[in-house]
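S.K.: Requesting a structural model of the entry that follows:
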Amino acid sequence: MEYHLDFKPLIKSPYCQTILGTSLNFNWEIPSKTHYIKLKDNDLLAVEVSTPKDWNEDSWTFFLVHGLCGSHKSHYMRRIAKKFNKLGYQAVRINLRNCGSGRGLSRGIYHSGSSDDVLEAIQEISRLFPNSKKGLIGFSLGGNIVLKLLGELGPQAPGIVDQVIAVGAPVDLLASARLFMHPKNQIYAKYFLRMLLSDVNFIHSHFSDLPPHNLPPTVSINDFDELYVAPRANFASALDYYYYCSSKRVIKNITVPAKILFSEDDPIINSKVLNGMKLPSNIQIYKTLHGGHIGFMGQNIFKEFRWMDNQVVTWALEQAKMVEDR
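M.R.: Numbers count the residues shown, from 1 in each chain. Just a heads-up that it's a prediction; the model follows:
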């Protein structure tokens, strides 16, 4: 089911929403304990667990997954984890491979389909708090990962993950790759490519046994996926990677309460890719006219300047009540 939300943006420009929304930050890092998760291939993930003093194991734990080139330090990850803590809920910020406090601990790479890594992290942390119900929230690339994971789990999800929320998720990776190639979006493509190439250079210098990556100095997002991501992640090609890692392929199999938020003016996410798809009633899609990519800066600078944060936390608590009332 699809709904339209009356979000009143501070600035209507998707460019300003995207750039300013991810660069303006007035939040310090919140206290957390680092846990290292050993994956099946012996790489390590680092997750940051923030537990309020009055939290008890029968309460909820909310796992957050960042976007491309992000980490537990990403502004939205800090802000939303802090909101959950203030309300008395535990927040776990998962760093994908070589991100945040896990930098330099993985020979492998993360990508849009890294649902197995996230599942291993959730299962390991859940062993420490077996009675806690679990919510999973993903942003951008992380949004696709969490939806893909819940689609893969299907009816087995409850007890592993009890609810899911995704914001600005590239549920159709090919559609997003095409948007990145549009001339007006080159500023975003160049921004991400600069960070991606820096990460690749770091990994190959840190792990001296890895062969040279041999990437040309100038590549597109599609070239990067074709020449580097696909072979490193064992896909035949970029198109093969886009197909198998797009959560759109399995999203209809999600059985827990799920909310998906798109901005219709998002420059790098096609908000229409789920239009017309028949989805079960537990999956609800929400759209706003404005917001850019993970921006959502609102007009009310005192109460809802970070409109997305308030919406995500409100949804998470609503879905928690739904789960508890069953």
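
S.K.: just the helices in this protein please.
M.R.: 14-23, 75-86, 115-128, 141-153, 173-180, 186-206, 221-224, 230-232, 238-245, 307-325 (DSSP state H).

S.K.: how about the fifth one: buried residues?
M.R.: Buried positions in helix 173-180, judged by neighbour count with 16 or more other CB atoms under 10 Å: 173-177, 179-180. Using the backbone N, CA and C atoms, a C-beta is placed for each residue, glycine as well.

S.K.: returning to that earlier point: which stretch among the helices of the chain approaches residue 281 most closely?
M.R.: Go through the helices of the chain one by one with CB to CB and the one that ends up closest to residue 281 is helix 307-325, at 11.8 Å.

S.K.: could you say what helices and strands the closest one packs with?
M.R.: With contacts defined as 3 or more CB pairs under 8 Å, 6 or more residues apart in numbering; DSSP states H and E, the packing partners of helix 307-325 are strand 60-65, helix 75-86, strand 133-139, strand 163-167, strand 258-263.

S.K.: Parallel or antiparallel, list what pairs with the shortest one.
M.R.: Each strand that strand 163-167 pairs with, and the sense of that pairing, follows from DSSP bridges: strand 133-139 (parallel), strand 258-263 (parallel).

S.K.: Out of those, the one nearest residue 159 is which?
M.R.: Residue 159 lies closest, by CB to CB, to one member of the strands paired with strand 163-167: strand 133-139, at 8.5 Å.

S.K.: Now do the closest residue to residue 161 other than its chain neighbours against residue 93, distance only.
M.R.: By the measure of CB to CB, 6 or more residues apart in numbering, the closest residue to residue 161 outside its immediate chain neighbours is residue 136, 4.8 Å from it. Going from residue 136 to residue 93 by CB to CB, to the nearest Å gives 12 Å.

S.K.: what do you get for residue 270?
M.R.: Relative to residue 93, residue 270 is positioned 27 Å away (criterion: CB to CB).

S.K.: Compare the two (neighbour count), which wins?
M.R.: Higher neighbour count among residue 270 and residue 93: residue 93, with 27 against 18, using other CB atoms under 10 Å.

S.K.: Now that one: closest residue in space, sequence neighbours ignored.
M.R.: For residue 93, ignoring the flanking residues on the chain, the nearest one in space by CB to CB, 6+ apart is residue 72 at 3.7 Å.

S.K.: residues in contact with the one you found?
M.R.: 32, 46-48, 66, 78, 93-95, 99-101 (CB atoms under 8 Å, 6 or more residues apart in numbering).

S.K.: One more pass at 10 Å, please.
M.R.: 29-30, 32, 34, 46-48, 50, 64-66, 78, 81, 91-96, 99-102 (CB atoms under 10 Å, 6 or more residues apart in numbering).

S.K.: and what of residue 69?
M.R.: For residue 69, the residues meeting the contact criterion (CB under 10 Å, 6+ apart) are 99, 140-141, 191-196, 198-199.

S.K.: ok, now with 7 Å
M.R.: With contacts taken as CB atoms under 7 Å, 6 or more residues apart in numbering, residue 69 has the following neighbours: 192, 195-196.

S.K.: So for residue 146, which of the helices and strands packed on helix 307-325 sits nearest?
M.R.: Between the helices and strands packed on helix 307-325, strand 133-139 lies closest to residue 146; by CB to CB that is 3.5 Å.

S.K.: related to what we said a few turns ago, between the helices and strands packed on helix 307-325, which one is nearest to residue 118?
M.R.: Across the helices and strands packed on helix 307-325, the minimum distance to residue 118, taken as CB to CB, is reached by strand 60-65, at 6.0 Å.

S.K.: what's the angle from the closest one to strand 163-167?
M.R.: 30 degrees (axes from the mean of the first three to the mean of the last three CA atoms, to 10 degrees).

S.K.: Touching, residue 52 and residue 85? I think so.
M.R.: Yes: here residue 52 reaches residue 85: they are 4.8 Å apart, a contact under CB atoms under 7 Å.

S.K.: Those two: which is more packed in?
M.R.: A side-by-side neighbour count of residue 52 and residue 85, using other CB under 10 Å, places residue 85 first with 20 against 16.

S.K.: any idea how far residue 304 is from the more buried one?
M.R.: Distance, residue 85 to residue 304, using CB to CB: 20 Å.

S.K.: Quote the end-to-end distance of stretch 231-238.
M.R.: By CA to CA, to the nearest Å, the extent of stretch 231-238 from end to end equals 9 Å.
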